[in-house]
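In: Need the 3D shape of this:
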Amino acid sequence: MDPVAASARTARVFDLGRQPYEPVWRAMQRFTDARTADTTDELWLVEHEPVFTLGQAGKPEHVLAPGDIPVLHVDRGGQVTYHGPGQIVLYPLLDLRRLGLGVRDYVHRIEQAVIDALGEWNIGGQRREGAPGVYVGGAKVAALGIRVRRGCSFHGLAFNIDMDLEPFHRINPCGYQGLQVVSVCDLGGPAGMQAAKAVLLEQVASQFGVVLQPQPGLPEPL
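Out: Model prediction:
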């Protein structure tokens with residue numbers, strides 16, 4: 001079988017467990033820089049240690065009172081957000097050109113995967129015009145911040161499952177003053193991270209038409 005054709009239909013899945021933010025970010029960069037036309041796509045799942053991240057165009061004034069939580073300036077799009085335990089962070093490391101996707105379609109499919117995952121738990125998720133992510137009743141349950149380099153995606157999605165939401169009060173989430181943030185468990189969905197990961201991965205695989213290949217251990221760049 002043509003290795004490029006095979007790579008276009010599969011995605012290796014790594015569950016990194018709980019990790020600090022910066023080493024995973026640097027590993028994503030290395031993976032993206034080193035990949036070739038026949039590199040198999042990967043999906044990385046991780047829970048990060050508490051951190052605020054500020055995107056390329058992020059305005060420092062949206063970080064109100066970080067306290068003891070570090071603030072990192074990173075190379076994704078978007079403003080400021082919070083990552084911490086109880087949140088699924090999904091990094092789709094995909095060759096968008098090989099999948100025949102533009103950036104707008106890519107964003108739409110990630111959002112739809114979250115909306116469909118919420119639907120599995122009878123929670124109605126919606127998009128908001130001009131504000132990427134997924135919302136329930138006006139409160140944000142999933143934030144999106146991406147980067148595309150040489151047609152390949154990195155960074156990704158932060159999906160609040162069962163987390164302490166207090167740190168969001170220390171920022172203007174995604175640059176919006178007073179934006180409410182919510183967790184899936186507060187909406188009647190599962191608090192268990194593994195159950196939520198399984199549903200999210202199923203929907204991501206459906207949106208991108210890939211067969212998932214769960215992998216042991218950590219990805220090579222880490």
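In: so what pLDDT did residue 3 get?
Out: Looking at residue 3, its pLDDT reads 49.
In: C-alpha coordinates for the helix or strand encompassing residue 42, PDB please?
Out: Residue 42 belongs to strand 41-48 when assigned by DSSP states H and E. Coordinates of each C-alpha in strand 41-48 appear next as PDB, following Å, rounded to 0.1, in the frame of the first residue of the first chain:
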ATOM      1  CA  ASP A  41      -0.800  12.100  11.800                       C
ATOM      2  CA  GLU A  42      -1.000  12.100  15.600                       C
ATOM      3  CA  LEU A  43      -3.500  13.100  18.200                       C
ATOM      4  CA  TRP A  44      -2.100  14.000  21.600                       C
ATOM      5  CA  LEU A  45      -4.300  14.000  24.700                       C
ATOM      6  CA  VAL A  46      -3.000  15.700  27.900                       C
ATOM      7  CA  GLU A  47      -4.000  17.300  31.200                       C
ATOM      8  CA  HIS A  48      -1.700  20.300  31.900                       C
END
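In: Check which element follows it along the chain.
Out: Heading C-terminal from strand 41-48 (DSSP H and E), you reach strand 51-54.
In: I'd like to know which elements that next one is packed against.
Out: strand 71-73, strand 80-83 (3 or more C-beta pairs under 8 Å, 6 or more residues apart in numbering; DSSP states H and E). (Glycine included, C-beta is placed from N, CA and C.)
In: Give me whichever of the ones you listed is most buried.
Out: strand 80-83 (a mean of 25; mean count of other C-beta atoms under 10 Å).
In: who does that strand pair up with?
Out: strand 51-54 (antiparallel) (DSSP bridges).
In: Relative to the whole chain's centre, how far out is the strand holding residue 42?
Out: Per C-alpha atoms, centre = their mean, to the nearest Å, the displacement of strand 41-48 from the mean C-alpha position of its chain is 8 Å.
In: all strands in the chain, in order from the N-terminus.
Out: 10-19, 41-48, 51-54, 71-73, 80-83, 87-93, 134-136, 139-149, 152-160, 211-214 (DSSP state E).
In: No more questions from me, cheers.
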